[in-house]
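>>> Take a look and give me a structure for this.
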Amino acid sequence: MEMEDTGLDPLKFLRQRAEDVLEKLREDVFAPEGTKTLRKLWSISEAAELVGRSQQSIRLAEKEGKLPSPGLLENGRRSGYSLDAVNRMRDLFGTRPWRSPQDPPLILSFSNFKGGVGKSSFACHSAQYFAIQGYRVLVVDLDSQASTTTVFGFNPDLQIGHDETIAPYLLGEQHSLQYAIRKTYWPGIDLIPSALHFYSAEYELAAQVAGNVELLETLRAGLEGIADSYDIIILDPPPALGLISISALVAANALVIPVPPANIDFASTTHFFSMVIDTLETLRRHGVDPSYRFVRVALSKLDERKSTQTAIAEMMRKVFGSYLMVSPIKDSAEIDNASARFETVYEQPVALTSREVHRRCIAYLDGFNRELEILVRRTWPSHHEALREAGLM
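Numbering: from 1, shown residues only. Just a heads-up that it's a prediction; the model follows:
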């Protein structure tokens with residue numbers, strides 16, 4: 001029997017076959033002109049709830065020419081409102097939920113050093129939820145796998161070069177992050193993209209940081225330089241303990257740690273806490289002192305049909321107490337099917353599975369994100385009175 005080739009040829013063959021499949025998947029995601037579009041529309045009742053005004057007020061503004069009327073379908077019914085149209089209503093009625101200029105912008109990192117916990121899914125769904133509510137959002141993709149970049153409409157293999165990621169700023173080749181910001185097809189969401197080329201930044205940064213840990217504050221300084229344009233900045237760091245993920249921990253002022261209800265993930269998260277504490281204590285001894293307005297653990301991929309998972313979830317509720325988000329993100333075929341298309345559930349114009357599965361999925365995504373929204377708004381003094389009136393503070 002001949003010995004199998006142990007050189008790089010097998011790896012190169014496997015890489016090429018995998019890249020061919022991935023490219024085909026990405027071609028299926030993008031429209032023929034190469035640009036993703038937001039096909040989701042909102043009914044007048046949904047728009048009224050989002051805007052905080054009655055349907056009658058919206059119809060009157062349309063009748064008076066202050067707002068454009070939606071188009072009509074072939075059956076004569078209204079086609080629905082785009083998110084751009086909803087935001088025009090907010091502008092007209094003065095109901096944008098933006099923070100005051102005096103409020104500090106929130107920089108939120110979905111962090112865990114273990115892959116497969118749903119970190120990127122959390123980042124994308126939360127960013128889109130906040131955009132639907134009318135907030136100004138920046139998403140920063142720090143993972144060279146670039147799945148978040150793909151979800152937000154860019155093909156990282158073809159459209160994003162090394163110089164268009166955050167790498168040149170982290171390595172001192174750029175002095176502001178403005179060059180890297182891109183508009184997305186989602187109104188209200190900007191993106192700093194990533195690409196496979198970004199992985200080399202980890203090694204280049206390591207060479208610079210040696211003996212100069214203050215460089216780990218570079219990302220924080222860059223985000224603070226552009227933060228005035230946003231209400232919330234969402235970071236999607238890589239699933240590893242490296243200098244990029246540490247930079248995200250230093251830059252963030254809020255953390256959400258996704259954890260699936262499995263013993264191996266719980267154990268990994270325990271190690272994550274230990275490594276984060278050790279790392280941050282070391283940084284503090286060198287004058288780098290990050291702090292967080294809130295830290296939460298989030299249950300992800302919960303399948304309540306499995307008794308082992310429900311038992312672990314209950315154990316996590318007892319162990320983490322008020323630090324565990326009340327609303328879990330449950331395992332759902334709707335999320336799986338959307339992810340397979342490099343999309344989210346929030347952007348689907350129709351259910352990918354069944355209307356009932358879609359409805360339940362939206363319900364627990366909204367439940368989690370409403371809880372997160374309250375935590376965010378509590379960090380903004382200008383929102384405190386409204387929160388107190390609603391009994392949320």
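>>> Okay, the residue nearest to E304 when sequence neighbours are not counted and S176: tell me how far apart.
Excluding the flanking residues, the one nearest E304 by CB to CB, 6 or more residues apart in numbering is T310, at 5.6 Å. The C-beta positions use only the backbone N, C-alpha and C, and glycine is treated the same way. Distance from T310 to S176, counting by CB to CB, to the nearest Å: 48 Å.
>>> swap in S382?
27 Å.
>>> Next: W380.
25 Å.
>>> between those two, who's got more neighbours?
W380 (20 against 12; other CB atoms under 10 Å).
>>> pretty sure the more buried one contacts W98?
No - using CB atoms under 8 Å, W380 is not in contact with W98, being 9.4 Å away.
>>> got the residue ranges for the strands in the stretch 1-150 of the chain?
Applying DSSP state E, counting those that start in this stretch to the stretch 1-150 of the chain gives strands spanning 106-110, 137-141.
>>> domain ranges for this protein?
Split into domains by automatic domain parsing, the chain comes to 44-93, 106-389.
>>> Out of the ones you listed, which one sits most buried?
Of all the domains of the chain, domain 106-389 has the most neighbours on average by mean count of other CB atoms under 10 Å, namely a mean of 18.
>>> Could you work out the end-to-end span of it for me?
22 Å (CA to CA, to the nearest Å).
>>> Now render the strands of the stretch 1-150 of the chain as TSV, adding mean pLDDT and distance to L191.
Compiled in TSV, those are given as follows (pLDDT from 0 to 100; distance: least, CB to CB, whole Å):
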stretch	mean pLDDT	distance to L191
strand 106-110	97	15
strand 137-141	98	5
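>>> V86 is nearest to which of those?
Nearest to V86 among those is strand 137-141 (14.9 Å), distances taken as CB to CB.
>>> Not counting that closest one itself, show me its contacts.
For strand 137-141, the external contacting residues (CB atoms under 8 Å, 6 or more residues apart in numbering) are 123-124, 127, 130-131, 148-149, 152, 166, 181, 184, 188-194, 223, 226, 229-236.
>>> Just those residues: which are in strands?
Judged by DSSP state E, strands contain the following of these: I189, D190, L191, I192, I232, I233, I234, L235, D236.
>>> show me what contacts the fourth one?
When you say that, I think you mean I192. Remark: with contacts taken as CB under 8 Å, 6+ apart, I192 is in contact with L138, V139, V140, D141, T165, I166, L177, A180, I181, R182.
>>> Tell me which two in the residues you listed are the farthest apart.
L138 and T165 (14.5 Å).
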